[in-house]
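S.K.: Predicted model and sequence follow; I will ask about them next.
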Amino acid sequence: MSADQRGYSPHDITSRRFWGQTFDAREQTFAALRATDGLTWHEPFPSLFPMEEPGFWALTRRADIVHASLHPELFSSAQGIALDPMPADIQRIATFFLMMDPPQHTVYRRLISSAFTPRNVAQIDEQVRKNAATVVDDLVGAGEVDFVAACSARLPMMTISEMLGVPNSDREAVAKAAEKLFSMSDDEYATIEERAEATVNEMFLLAGTGIELAKFRRRHPGDDLMTSIVNAEVDGHRLTDEEVGAFLVLLASAGNDTTKQTTSHAMLALAANPDQRAWLMADFDGRIGPAVEEFIRWSTPVLQFARFVAHDTELAGQQLNAGDKVGLFYCSANRDAAAFDRPDAFDLQRSPNPHLGFGGGGPHFCLGNQLARTELRNLFRELLFRVDVELGEPDYLLSSFVHGIKRLPAFVR
């Protein structure tokens, strides 16, 4: 049965009311969708732009999301990856090679990957270790703080700024633009009337910063990642300044916000599960590896992405037509009882842990997954052994895309 022949699912997963609920309340709806045969067809998300779409198919089971992720020839990224209707040319400013399919995507991913030489990776790892210590140095005995601003948000932005050589004078503006870009759905950051324009403005600020950095490094090469990026070459192809700008938008938003949100959620989970915390601290170096995987599964910082069906196909017994939109709900996949034992439990010893916190595999598996793991390992080593943090009630971001915490009051000794 095609999309236009069937009615919308009675389960609402698109309204602001739905996304204003807690993660656990939303999970009850996703559990009902996972238990439904085939796929479910849903009303389109509200849009900031004058666009209309008929709706989308929801992929809520882990197996279905993995299938779509591994078959870009059937489930394409080229027409857009935003579940809320947004013009493709606007999306391209912020998504760079996320909105490409192989073979084009393969070239760009190889270009970016080639810049991460062993030397650059070692340099970044050392920066992360030092920066994690600096962040916690400033927390020791700090008393009352907002844990998000004082800790979670600092390490990833410091790391990205140093990696790309963002001048100190620009770092605050870059951090603010990245935060706003992922927070537009929340009334605190922009009114409905302002959202579309503000989204575009933040993208252009970040892209412009990247373009200037690329131009500077072409004229003044240094021993850093940005120099490696502007000099990278694959099959005779090099990145233009505009493409480097687009990469900065992606890195400043995706590379920053994901680790930031995982840090806040993991701290809350450790506070709520003192037995898990004690288990981790009893052999931190031996246990932080699996613990970080559970931090990421539990947090699922990116809730969903979209794809468009490229050719008529079938998934979970459901006929899909070329042009149909599908939503990949990672937040649902990471609580799928078919893939996880006791998925609602925070279990640092979980093994195996086939979470989709970095996507469902395939060509778009998160390029920054090792950097995120490095940041979390180093930051939690400092946090758990050097400070005593008492957490208050989190203030959650209203978003269908980011599992965000805006503020987290804390008292640090």
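M.R.: That came through fine. Numbers count the residues shown, from 1 in each chain.
S.K.: quick one: contacts of stretch 10-24?
M.R.: 26, 29-30, 32-33, 40, 42-46, 58, 185, 329, 331, 396, 398-400, 403 (CB atoms under 8 Å, 6 or more residues apart in numbering). The C-beta positions use only the backbone N, C-alpha and C, and glycine is treated the same way.
S.K.: which element is residue 379 on?
M.R.: Mapping residue 379 onto the secondary structure by DSSP states H and E places it in helix 369-386.
S.K.: Quick one: mean pLDDT for that helix?
M.R.: Regarding helix 369-386, the rounded mean pLDDT is 97.
S.K.: try stretch 49-66
M.R.: The model assigns stretch 49-66 a mean pLDDT of 96.
S.K.: For that stretch, measure first residue to last.
M.R.: Taking CA to CA, to the nearest Å, stretch 49-66 runs 30 Å from one end to the other.
S.K.: How about residue 67, nearest residue that isn't a chain neighbour?
M.R.: residue 315 (6.4 Å; CB to CB, 6 or more residues apart in numbering).
S.K.: who touches that neighbour in this structure?
M.R.: Contact partners of residue 315, counting by CB under 8 Å, 6+ apart, are 39, 59, 64, 67-68.
S.K.: hmm, back to that, next helix or strand past the helix holding residue 379?
M.R.: strand 389-391.
S.K.: how much space between residue 142 and residue 390?
M.R.: 12 Å (CB to CB, to the nearest Å).
S.K.: So which of those two has more stuff around it?
M.R.: residue 142 (17 against 12; other CB atoms under 10 Å).
S.K.: Mind checking which of the contacts of stretch 10-24 land in strands?
M.R.: Among the contacts of stretch 10-24, the ones falling in strands (DSSP state E) are 40, 42, 58, 329, 396.
S.K.: Residue 405 is in contact with the last one, correct?
M.R.: Yep, that's residue 396 we're talking about. Yes: between residue 396 and residue 405 there is a contact under CB atoms under 8 Å: 5.9 Å.
S.K.: quick one: which of those two has more around it?
M.R.: Comparing residue 396 with residue 405 by neighbour count (other CB under 10 Å), the higher total belongs to residue 405, at 21 against 18.
S.K.: in what helix or strand does the nearest residue to the more buried one once chain neighbours are set aside lie?
M.R.: Spatial nearest neighbour of residue 405, excluding adjacent residues (CB to CB, 6+ apart): residue 264 at 4.3 Å. Using DSSP H and E, residue 264 sits in helix 241-272.
S.K.: Residue 355 is in contact with residue 290, correct?
M.R.: No: taking contacts as CB under 8 Å, residue 290 lies outside contact range of residue 355: 11.2 Å.
S.K.: May I ask which of the contacts of residue 315 has the most neighbours?
M.R.: residue 59 (32 neighbours).
S.K.: OK, contacts around that one?
M.R.: With CB under 8 Å, 6+ apart, residue 59 has these contacts: 39, 65, 68, 315, 326-329.
S.K.: Please apply the same query to residue 44.
M.R.: Taking CB under 8 Å, 6+ apart, one finds 14, 52-56, 84-85 in contact with residue 44.
S.K.: quick check, nearest of the ones in strands among the contacts of stretch 10-24 to residue 243?
M.R.: Among those, residue 329 lies closest to residue 243 (CB to CB), at 30.0 Å.
S.K.: hey, what's the closest one bridged with?
M.R.: residue 304 (DSSP bridges).
S.K.: what's around it, how many residues?
M.R.: Neighbour count of residue 329, defined by other CB under 10 Å: 27.
S.K.: That one against residue 305, yeah?
M.R.: No: when contacts are counted by CB under 8 Å, residue 329 is not listed as touching residue 305 (9.1 Å).
S.K.: Once you drop chain neighbours, what's closest to residue 178?
M.R.: Once flanking residues are discounted, residue 178 sits nearest to residue 252: 4.2 Å by CB to CB, 6+ apart.
S.K.: quick revisit: what are the buried residues along the helix holding residue 264?
M.R.: Within helix 241-272, the residues that count as buried by 16 or more other CB atoms under 10 Å are 241, 243-270.
S.K.: which parts of stretch 108-126 are buried?
M.R.: Under the neighbour-count criterion of 16+ other CB under 10 Å, stretch 108-126 has 108-109, 111-112, 115-116, 120, 123-124 buried.
S.K.: for stretch 278-296, same thing?
M.R.: So, applying 16+ other CB under 10 Å, buried residues of stretch 278-296: 280, 288, 290-296.
S.K.: Tell me the secondary structure at residue 319.
M.R.: strand (DSSP: H, G, I helix; E, B strand; the rest coil).
S.K.: should've said residue 217
M.R.: Going by three-state DSSP: residue 217 is helix.
S.K.: Count the neighbours of it for me.
M.R.: Residue 217, neighbours per other CB under 10 Å, totals 22.
S.K.: Is it in contact with residue 227, as I believe?
M.R.: Yes: using CB under 8 Å, residue 217 makes contact with residue 227 at a distance of 4.9 Å.
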